[in-house]
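1. sharing a model prediction with you, sequence too.
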Amino acid sequence: MTLASVSPRLWASAFTIGLSSLLFGYSLACLNTVITCPSKPCPKGSILTDLDLSLEEEQLATAMTILGAMIGGLFASYPNDHWGRRKSLLVNNVFFIVGGVLTAITSLDSILVGRFLLGLGTGVESMVAPVLLSEIASNQTRGAITSLHQLNITLGILISNLIGYGFVPNISGGWRYVQLFVVLPAGLQLILFWLVPESPRWLLRADRREEARDVLSHLRIRKTGDAAAQAAGAAAVEAELVALEKELGSTMKQPTAGWKETFSYGTAMRIGMLMMFFSAMTGINTVIFYSTTIFALAGVENAFLGTVLVGVLNVFITMVSGYLVDKAGRKVLLTGGTWIMLISLLLLGGILLAENVPALAISIVAVGSMLLYVFGFAIGIGAVQWVVVGEVVPTKIRSKAYSIFVTSNWTANLLISLVTLSLIDTLGEAVAPAGALKAKQQQMGVALLYFCFAGMCVLCLLFLYGMVPETKHEAKDGLEEHHHHACSEFAAGDADMMTEVVHCSEGHGLGDSQNTVGREEGGLGEGGKVAVTQPVSMV
């Protein structure tokens, strides 16, 4: 696929939807750069200059966002299925706007309520935006379009780091501007919302075929071109519409899948939930939530700059991963990235515990290890998790399955946000020699915390090697043999999945040769085999 194959109107729609993903990343990270106080007096723009927050209150402010995201992600499947993706995304901006205003007020209660509302918006976005991006893209453009979700999350994190780097050290009350900025992308999306289409899949399921055709025509057919090109475009749209109808099959005009049916896809659900769990529990959110604080504890002289470097690397490597995922394969990136994370965490913990090491050497290794860790996460599970999840979850259960997956992720995030700073203090006090300075205790606490995350990386590797299939296959003969086996397991496992079996067979020339329709998504049955291997790229 080349970028030239994406129409300008599809790009415009995708970038407008992607503003929600940018809000996701920004809302998670914007508190990180304003709560640091490496030495007294605190930076003039730090929130700690205006509010005397305890360690527990700092953690609570972060945890409120995660709690809101858990609730938002869990219940977002209802509006996503019943109101449509477009309306859900529109209404969701209210949470970001009101939350952004409240978090800029010098009151702990206001900040906590505002962070909770930002969390609600983030949870809904994490459910709605990836689905909508995937469903407006064609098979040929899905990789480029859906990768914008993860890319915009990393951009949101980077923007929050850059604004914090500029405002917190230099401007009195700068933390308010960092918090209030979240209103701007939300307002911009509302202004540009006419660019956001409804999902053609959702319209077909709602028996609104003509509207689905109009959406596809708008996104696929370029304005320029002669009559022949326009006619070819219209024919391609009609063919895509028919293919979508055939793929949706018996699920059209029927109620969405219930929770019982969703969990009947046991292997797919286990893979999705554990993938999301490990993506959080291997430590990435400590980097996002507390990187500035941890850099300061590690003795890095300019902790703000270190955090900015983390954000820049995260954006760049996410772009690289989006390019490699269809070339190198999913599993090699997942396992390779996790190995890199494990090594970097061991290196970071080791240097922080080492005795008689110059402070400059500790700072250099700390920053280098953190950047190496971010590289491993961004090239691996950070980007590829949504590719694998999209390939093992069929369309009809997607909304509810994604709500469970993101809730699993936010639950792990909540745990981390609640205990990180307290755990650093507790671990440091437990192992530091008697009479050690507070800074030394905290440095040792950071080291032990990262050893804990290294242990989670080991468990993640066992999960990846033992449970996660490679969903990219390059050999055509191997594909057909694999599909025969996978489709037979579908049929044996659940009689209600016969439509999926038919589509699976037809999509690879295993059924009626007159009805060859390439499936774009599939699912896993209880046997754990991939039913369809046409890739759904990163979201």
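-> Nice, thanks for sending it over.

2. for N356, which three-state class applies?
-> At N356 the chain is in coil, as set by DSSP: H, G, I helix; E, B strand; the rest coil.

3. quick check: it vs L448, distance?
-> 19 Å (CB to CB, to the nearest Å). Every C-beta, even on glycine, is put in place using the N, C-alpha and C of the backbone.

4. ok, these two, which is more surrounded?
-> Neighbours were counted for N356 and for L448 using other CB atoms under 10 Å; L448 has more, 18 against 4.

5. name the SS class of the more buried one, please.
-> From three-state DSSP, the assignment for L448 is helix.

6. how about the nearest residue to it, chain neighbours excluded?
-> L427 (4.2 Å; CB to CB, 6 or more residues apart in numbering).

7. how about A436?
-> Closest to A436 by CB to CB, 6+ apart is M444, at 7.9 Å.

8. now for the helix or strand encompassing the residue nearest to L448, which elements pack on it?
-> Element membership for L427 (DSSP states H and E) is helix 398-431. Applying 3 or more CB pairs under 8 Å, 6 or more residues apart in numbering; DSSP states H and E, we find helix 398-431 packed against helix 55-75, helix 77-82, helix 108-136, helix 259-264, helix 266-281, helix 284-297, helix 438-467.

9. save the ones you listed as JSON lines, and put in mean pLDDT and distance to P200 too.
-> Listed next are the helices and strands packed on helix 398-431 as JSON lines, based on pLDDT from 0 to 100; distance: least, CB to CB, whole Å:
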{"stretch": "helix 55-75", "mean pLDDT": "86", "distance to P200": "24"}
{"stretch": "helix 77-82", "mean pLDDT": "83", "distance to P200": "15"}
{"stretch": "helix 108-136", "mean pLDDT": "92", "distance to P200": "7"}
{"stretch": "helix 259-264", "mean pLDDT": "84", "distance to P200": "22"}
{"stretch": "helix 266-281", "mean pLDDT": "89", "distance to P200": "24"}
{"stretch": "helix 284-297", "mean pLDDT": "68", "distance to P200": "34"}
{"stretch": "helix 438-467", "mean pLDDT": "89", "distance to P200": "33"}
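
10. using TSV, lay out these together with distance to R220.
-> Shown next, in TSV, are the helices and strands packed on helix 398-431 (distance: least, CB to CB, whole Å):
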stretch	distance to R220
helix 55-75	31
helix 77-82	24
helix 108-136	10
helix 259-264	31
helix 266-281	30
helix 284-297	36
helix 438-467	37
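
11. what sits against Y373?
-> Under the criterion of CB atoms under 8 Å, 6 or more residues apart in numbering, the contact list for Y373 reads 283, 287, 340-341, 344-345, 348.

12. rerun at 7 Å
-> Contacts for Y373 (CB atoms under 7 Å, 6 or more residues apart in numbering) come out as 341, 344-345.

13. same check, this time on I111
-> 61, 103.

14. ok, now how distant is it from V168?
-> Counting by CB to CB - I111 and V168 are separated by 16 Å.

15. pull up the distance across stretch 74-94, start to finish.
-> Distance between the two ends of stretch 74-94: 18 Å, counting by CA to CA, to the nearest Å.

16. buried stuff in that stretch?
-> Of all the residues in stretch 74-94, those buried under the rule 16 or more other CB atoms under 10 Å are 74-77, 79-81, 84-86, 88-90, 92-93.

17. please apply the same query to stretch 32-41.
-> 32-38.

18. how about that stretch as CSV, C-alpha atoms only?
-> The C-alpha trace of stretch 32-41 is given here as CSV (Å, rounded to 0.1, in the frame of the first residue of the first chain):
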residue,chain,number,x,y,z
ASN,A,32,3.4,14.2,34.7
THR,A,33,5.4,17.4,33.9
VAL,A,34,3.6,19.6,36.5
ILE,A,35,4.0,17.6,39.7
THR,A,36,7.7,17.4,39.8
CYS,A,37,9.8,19.2,42.5
PRO,A,38,13.3,17.8,42.3
SER,A,39,14.5,20.4,44.9
LYS,A,40,13.2,23.2,46.9
PRO,A,41,12.0,25.7,45.9
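
19. how far away is the residue nearest to A436 from I35?
-> M444 is 22 Å from I35, by CB to CB.

20. again with F75
-> From F75 to I35 the distance is 29 Å (CB to CB).

21. same deal with G283?
-> 19 Å.

22. over to A436?
-> 24 Å.

23. do the same with L309
-> For L309 relative to I35 (CB to CB), the value is 19 Å.

24. what does S13 give?
-> 36 Å.

25. at the geometric centre of the chain, which residue sits there?
-> Centroid check for the chain by CA atoms, centre = their mean gives Q150 as the closest residue, at 5.4 Å.
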